[in-house]
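S.K.: Dropping the sequence and predicted coords here.
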Amino acid sequence: MSRRQAEALLARFAEFHPELTTQALADFSGLRRGVAEACMLAPRTAADAARIVRLAHDAGVPLRIRAQGHSLNGSSLPAAGELLVTTGNLRHIRFDAPGTVTAAGGVVLWLLQHLLRGHGFDLPVLNDGYAGPSVGGYVAAGGFGPA
């Protein structure tokens, strides 16, 4: 990303307190890396995330979503000109009705499982490997593991 592109993104999304990353992010395997500079946003609410998506769409700015960066294929790594939206602040969990739970996309899957077990519930599927995937990433990737 050119300095001009970065400054334009920082200005366009200033209300969301963007940061400019100066080191290339890596995927979980460490074999793939994104661009060295990316404009990164970390919304705190679903409403802010929705506003960011709408503003980016209206401006023709491509988005890259990243939570824990657990992908092995580089799909969470920003490319040149993309706005990086991280879900690390979207870690809200609510019990709206008996027998249901609503978890934001940035909730770490194993933490959700731990919380649910404390209430006598269990996830029907769970990553059998590393504890890092977020709920959003796990759902987006289709999940994995024999459980």
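M.R.: Alright, I've got the coordinates. Just so it is clear, the model here is predicted, and its values are computed rather than measured.
S.K.: what's the helix ranked longest in the chain packed up against?
M.R.: Counting by DSSP state H, the longest helix found in the chain is helix 46-59. Where contact means 3 or more Cβ pairs under 8 Å, 6 or more residues apart in numbering; DSSP states H and E, helix 46-59 is packed against strand 63-66, strand 83-86. (Glycine included, C-beta is placed from N, CA and C.)
S.K.: quick one: contacts of the next helix or strand after the last one?
M.R.: On the C-terminal side of strand 83-86, the nearest following helix or strand under DSSP states H and E is strand 93-94. Contacting residues not belonging to strand 93-94 are listed as Val101, Thr102, Ala103, Ala104, Val107, Leu112, Leu115 [Cβ atoms under 8 Å, 6 or more residues apart in numbering].
S.K.: Go again with 7 Å.
M.R.: For strand 93-94, contacts defined as Cβ atoms under 7 Å, 6 or more residues apart in numbering pick out Val101, Thr102, Ala103, Val107, Leu112, Leu115.
S.K.: what is the third one paired to in the beta sheet?
M.R.: Listed by DSSP bridges, the beta-bridge partners for Ala103 are Ile93.
S.K.: With respect to Ala26, which of the helices and strands packed on helix 46-59 lies nearest?
M.R.: strand 63-66 (11.2 Å; Cβ to Cβ).
S.K.: which strands and helices sit next to that closest one?
M.R.: In terms of contacts (3 or more Cβ pairs under 7 Å, 6 or more residues apart in numbering; DSSP states H and E), strand 63-66 is packed against strand 83-86.
S.K.: Counting by contacts, list what the strand it packs on packs against.
M.R.: Other elements packing on strand 83-86 under the criterion 3+ Cβ pairs under 7 Å, 6+ apart are strand 38-41, helix 46-59, strand 63-66.
S.K.: Which parts of the last one count as buried, going by neighbours?
M.R.: Read that as strand 63-66. The neighbour-count check on strand 63-66 (16 or more other Cβ atoms under 10 Å) flags Arg64, Ile65, Arg66 as buried.
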